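Novice: need a structure here:
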Amino acid sequence: MSAQNANLLIVAGEPSGDLQASLLVRAFWKIAPDVHFWGIGGEKMRDAGVETVVDIGELAVMGLLDVVRHIPRLQATMSGLLHLAEMRKPRGAILVDYPGFNLSLAQKLKRRRFAVGYYISPQFWAWGERRIEKVRRFVDQMVCVLPFEKEFYARHGIEVAQVSHPFVDIVAPELDEPEFRKNAGIAGDFILLMPGSRHKEVVRLLPKMLDVYDILREEHPDISAFIAAAEGVIGDIARLVPKSREIVVVAGLNYSAMRYAKAGIIASGSATLEALISNLPSVVVYRVDPLTWAIGRNLIRAPHIALANLVAGKRIFPEMIQNINVGELARIVEGLIYDDELRARMINDSGLAREKLGCGGGAKDAADIFARLFACYAH
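Specialist: Now for the predicted structure:
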């Protein structure tokens with residue numbers, strides 16, 4: 001069947017999914033260049049050529065209270081998307097992570113007899129294991145990127161595809177070190193602060209990170225700080241960092257900063273995998289609203305919060321979740337910078353864990369799997 005005039009729905013609900021979806025689309029077009037992608041996404045998907053009928057900013061919710069507050073808007077978004085699908089009749093849909101929205105969307109798409117592919121599995125192994133039945137019933141093809149997920153699904157009698165993590169191919173410095181330091185205006189050692197890609201993450205985490213930096217500067221006045229800013233929260237960061245702080249805030253050089261920093265304080269999420277691949281000694285932090293934490297802490301089954309630690313199978317990056325003691329956090333970061341034995345051990349452990357993420361080509365392999373599912377090969 002020819003790919004001519006075919007269209008596919010693709011849905012990502014947050015910045016990490018926007019990146020993963022953009023890589024997948026670029027790989028897909030090498031197989032089927034005439035397919036038109038449309039759906040929900042952000043800047044990276046638009047740059048890749050996706051028609052975004054809804055921007056991910058409209059789905060930016062975080063925590064139980066936020067979800068409840070925005071249910072009417074999320075339902076309206078889903079209804080509009082389904083209406084468009086019925087009009088455009090896509091070959092199928094590729095849903096990227098974002099399970100709260102996408103699992104419900106998968107069910108509704110299957111009822112309308114659309115083929116459903118899912119890329120980047122929800123973290124059922126950490127929470128909500130019973131929801132895995134939705135994959136069995138409503139997803140035609142799940143493609144996983146974490147090394148332990150295929151075995152997890154197999155224990156539930158569900159066959160899924162496994163590909164290398166796409167970060168293996170893309171996490172590399174944008175600039176060499178001299179050029180990076182010239183652009184950033186950083187001469188000596190520096191720590192990397194990554195407060196997340198959502199407004200509430202930045203508001204909850206960045207002030208704590210800045211306090212840690214102040215404590216470190218008291219003992220080590222030559223240390224600098226670099227904030228790797230996600231595009232959507234540069235304004236939030238600017239409001240929280242006074243110009244007098246002399247802290248570099250840059251978007252777009254994250255991988256260079258990860259490679260050349262001495263240590264990182266990183267919001268839990270996909271950035272911990274990027275730090276792992278970059279061999280950046282890091283500590284992982286996170287905070288949510290008290291109600292979400294009170295409920296969530298009783299549902300989480302995973303032994304670690306950070307994806308990097310889950311991949312490694314042990315806690316190579318220290319974690320400080322919810323209750324962030326800035327004095328203790330400063331001592332941990334100081335050790336990551338100045339304790340040579342600790343640094344060497346963490347870098348070695350990161351290298352061993354990175355091997356578990358695969359040999360590369362993940363987005364290409366995933367695109368090939370979905371092209372077969374939707375019969376979208378060009379002829």
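
Novice: okay, and for this structure, where does confidence drop off?
Specialist: Low-confidence regions of the chain, defined by pLDDT under 70, span residues 1-5, 60-70, 126, 128, 244, 292-302, 377-379.

Novice: cutoff 80 now
Specialist: 1-5, 58-72, 125-130, 231, 242-246, 288-303, 376-379 (pLDDT under 80).

Novice: Buried ones in the helix ranked longest in it, by neighbour count?
Specialist: In the chain, with assignment by DSSP state H, the single longest helix is helix 199-219. Within helix 199-219, the residues scored as buried using 16 or more other CB atoms under 10 Å are 200-206, 208-210, 212-213, 215-216. (Glycine included, C-beta is placed from N, CA and C.)

Novice: Within the sheet, what are the partner strands of the following helix or strand past that helix, with directions?
Specialist: Per DSSP states H and E, the first helix or strand lying C-terminal to helix 199-219 is strand 224-228. Under the criterion DSSP bridges, strand 224-228 sits next to strand 190-194 (parallel), strand 248-250 (parallel) in its sheet.

Novice: if we look at the shortest one, which residues are touching it?
Specialist: The reference is to strand 248-250. By CB atoms under 8 Å, 6 or more residues apart in numbering, the surrounding residues in contact with strand 248-250 are 183-186, 190, 224-229, 234, 237-238, 241, 257.

Novice: With respect to burial, which of the strands paired with strand 224-228 scores highest?
Specialist: Burial of the strands paired with strand 224-228 is given as mean neighbour count (mean count of other CB atoms under 10 Å); strand 190-194 ranks first at a mean of 27.

Novice: Other residues contacting it?
Specialist: Residues outside strand 190-194 that contact it (CB under 8 Å, 6+ apart) are 206, 209-210, 213, 216, 223-228, 248, 254, 257-258, 260-267, 271, 280, 333, 337.

Novice: the helices in the stretch 251-379 of the chain, which residues?
Specialist: Secondary structure of the stretch 251-379 of the chain by DSSP state H, counting those that start in this stretch: the helices cover 254-260, 271-277, 290-296, 307-312, 326-338, 340-354, 362-374.

Novice: just how off-centre is the shortest one within its chain?
Specialist: To tie it back to what came earlier, the one meant is helix 307-312. What separates the centre of helix 307-312 from the centre of its chain is 13 Å, taken as CA atoms, centre = their mean, to the nearest Å.

Novice: Next, give phi and psi for Asp97.
Specialist: With angles defined as degrees, to the nearest 10, Asp97 sits at phi 50, psi -140.

Novice: Tell me how far the residue lying closest to it once chain neighbours are set aside lies from Asp365.
Specialist: The shortest distance from Asp97 to any non-neighbouring residue, by CB to CB, 6 or more residues apart in numbering, is to Ile120 (4.0 Å). Distance of Ile120 to Asp365, given as CB to CB, to the nearest Å: 14 Å.

Novice: Send me stretch 252-261 as CSV with only the CA atoms.
Specialist: In CSV, the C-alpha atoms belonging to stretch 252-261 read as follows (Å, rounded to 0.1, in the frame of the first residue of the first chain):
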residue,chain,number,x,y,z
GLY,A,252,19.8,25.1,23.7
LEU,A,253,23.2,24.1,25.1
ASN,A,254,22.0,21.5,27.6
TYR,A,255,24.2,18.7,26.4
SER,A,256,27.4,20.9,26.3
ALA,A,257,26.6,22.0,29.9
MET,A,258,26.1,18.4,31.0
ARG,A,259,29.4,17.3,29.5
TYR,A,260,31.5,20.1,30.9
ALA,A,261,29.9,20.8,34.3
